[in-house]
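K.L.:
Starting from these lines, generate the structure:
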Amino acid sequence: MPRIPVKVKEKGIGDRLIRFRCGLQNTILDVLKARPGWQEVVGDGDPDFFWCEVHWMKDTFDHAYLEEHVKLNHFRNHYELTRKNLMVKNLKRLRRALERESGKLEAQKCDFFPSTYELPSEYHIFVDEYRRNPGFIWIMKPIARSQGKGIFLFKRLKDITDWKKGTEYLPNSDQTKEVPETYVVQRYIENPYLIGGRKFDIRIYVLVTSYTPLRVWLYRSGFARFSNTRFSLESIENSYVHLTNVAVQKTAPDYDPEKGCKWSLQQLRMYLTAKHGVENVEQLFKDINEIFIYSLQSCQRVIINDKHCFELYGYDILIDANLKPWLIEVNASPSLTASNHDDYNLKFGLLNDVLNVLDMENRLTGKERRIGLFDLLWDDGAVILDDSITSDYVNNFATSLNAFLGCKEDRKDNLRQVFQTAQALKKVP
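P.N.:
Model (predicted):
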């Protein structure tokens, strides 16, 4: 029986080396190797920390033995949020619950995802919706693929006729025809916010260290991913126009790997503020923060919470021309492979801060609300902004939540202050 046993002191790791295993060969491995006091496990050694791939959780987790302090980077059934059909199912359930308990106005706060149906199981329901709204553009997405694979847009119902073939059950037979891969079909956002005539979406990182109680950290830095081609609804078959995934855009003939198609979240915030004013942009980012909380609450009761597990989610958010944010999807394994030097620095700092929040070295007090560029957004309830904070990044940020998406701060200086404060507090009897 597979197991991950670890010998450990009763009260924690203390000053021992932290032994890690990593299933990936990219930025996370660089971070782990560069971290003082951490050592890679060779052969059959026992790790304290395991950055595993999702298939390991599926195949091995239920049969593994874990010592108290061991940490893994996925929850057992993370797919309740990260598989497209289940994410929508959970969000719809939350919306119905909010309407029953608090009324339609409260339920409308969950209206941040497009009309969505699972195919083939909801095909006939989708057809009814399609016929009520002729002329809409729809987008088809396989539920369990990533990097833009298998996605296509369509206007006519007959465009998915070939896909539908083979879904019918053969009566009086133990066999079925070859069933197509499960997809979701969504109303396509036809009025995306454009910059330089090009569509973009935003990748934002959210760290969940517990579901019971819900404990959520929000990373200040992220990036906007732009399409390589100017937006047009006349060419819905052109992936370079409609799909902003780097995996898709980097195959464009004129793609520049150094420049890429990215802006930092700080650049995007400054641009939007210049165009629309502070108040409108603050409302936009407040709405985005609500997306994180409602989406996590939608699956909170079904996620199998485990003290060994944490999850770094990659949220993909689209902004439309009315400055309304839409949740496109949530990734359980956001790409940690850097596309250029700036991207590497962002991801290296992000992953280091994930380890700082987890604090396997036991250097912090556990009461911190800011660690590196992570801010504690939710701790069994909303974390409210500390009135004592007066630094520049807050001066024009009129929000009560402890959230600073796209705001600047010196990450290393913040960490230095956090660790110094924690050390001083631990010395106080």
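K.L.:
centroid residue for this protein?
P.N.:
G314 (2.3 Å; C-alpha atoms, centre = their mean).
K.L.:
which residues does that one contact?
P.N.:
203-205, 330-331, 333-335 (C-beta atoms under 8 Å, 6 or more residues apart in numbering). For every residue, glycine as well, the C-beta is placed using N, CA and C.
K.L.:
For these, which two are the farthest from each other?
P.N.:
I204 and S333 (15.4 Å; C-beta to C-beta).
K.L.:
hang on, the earlier thing: tell me the secondary structure for the residue nearest to the centre of the chain?
P.N.:
Recorded secondary structure, G314: strand (DSSP: H, G, I helix; E, B strand; the rest coil).
K.L.:
Give me the distance between the nearest residue to N331 once chain neighbours are set aside and V206.
P.N.:
Distances taken as C-beta to C-beta, 6 or more residues apart in numbering place G314 nearest to N331, at 3.9 Å, with adjacent residues excluded. In this structure, G314 and V206 are 8 Å apart, going by C-beta to C-beta, to the nearest Å.
K.L.:
Please say which of I204 and S333 ends up with more neighbours.
P.N.:
I204 (24 against 17; other C-beta atoms under 10 Å).
K.L.:
how distant is the helix or strand the more buried one falls within from the center of its chain?
P.N.:
Assessed by DSSP states H and E, I204 sits inside strand 198-211. Mean-position distance between strand 198-211 and its chain equals 4 Å (C-alpha atoms, centre = their mean, to the nearest Å).
K.L.:
Mind checking the pLDDT average for it?
P.N.:
Strand 198-211 shows a mean pLDDT of 96.
K.L.:
Same check on stretch 130-148?
P.N.:
The average pLDDT within stretch 130-148 is 83.
K.L.:
again, but for stretch 19-38
P.N.:
Mean predicted lDDT for stretch 19-38 stands at 94.
K.L.:
and it, which residues are buried?
P.N.:
19-22, 27-32, 35, 38 (16 or more other C-beta atoms under 10 Å).
K.L.:
Narrow those residues to those in helices?
P.N.:
27-32 (DSSP state H).
K.L.:
I'd assumed V330 was in contact with Y315.
P.N.:
Yes. Judged on C-beta atoms under 8 Å, Y315 makes contact with V330 at a distance of 5.5 Å.
K.L.:
and for the two, which residues touch both?
P.N.:
With C-beta under 8 Å, 6+ apart, Y315 and V330 have common neighbours S295.
K.L.:
returning to what we had before: so what sits opposite the residue nearest to the centre of the chain in the bridge?
P.N.:
Y205, N331 (DSSP bridges).
K.L.:
do you know how far it is from H55?
P.N.:
Counting by C-beta to C-beta, the gap from G314 to H55 is 18 Å.
K.L.:
Which segments of this structure make up each domain?
P.N.:
18-73, 116-188, 198-427 (automatic domain parsing).
K.L.:
Redo these as JSON lines? Include distance to K89.
P.N.:
Listed next are the domains of the chain as JSON lines, based on distance: least, C-beta to C-beta, whole Å:
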{"stretch": "domain 18-73", "distance to K89": "19"}
{"stretch": "domain 116-188", "distance to K89": "8"}
{"stretch": "domain 198-427", "distance to K89": "9"}
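K.L.:
hang on, S264 packs against N345?
P.N.:
No. Using C-beta under 8 Å, S264 is not in contact with N345, being 10.4 Å away.
K.L.:
Quick one: residues contacting L323.
P.N.:
Contacts of L323 (C-beta under 8 Å, 6+ apart): 193, 272, 276, 280-281, 283-284.
K.L.:
mind running it again at 6 Å?
P.N.:
By C-beta atoms under 6 Å, 6 or more residues apart in numbering, the contact list for L323 reads L284.
K.L.:
cool, D320 as well?
P.N.:
Counted by C-beta under 6 Å, 6+ apart, D320 has contacts 189, 191-193.
K.L.:
most surrounded residue in the residues you listed?
P.N.:
Y193 leads the contacts of D320 on contacts (other C-beta under 10 Å) with 22 neighbours.
K.L.:
Now that one. Nearest residue, chain neighbours left out?
P.N.:
The nearest residue in space to Y193 (C-beta to C-beta, 6+ apart) is I319, at 4.4 Å.
K.L.:
Looks to me like the one you found is in a helix.
P.N.:
No. Secondary structure of I319 (three-state DSSP): strand, not part of a helix.
K.L.:
Quick check: it vs F152, distance?
P.N.:
23 Å.
K.L.:
the more surrounded of these two?
P.N.:
I319 (24 against 17).
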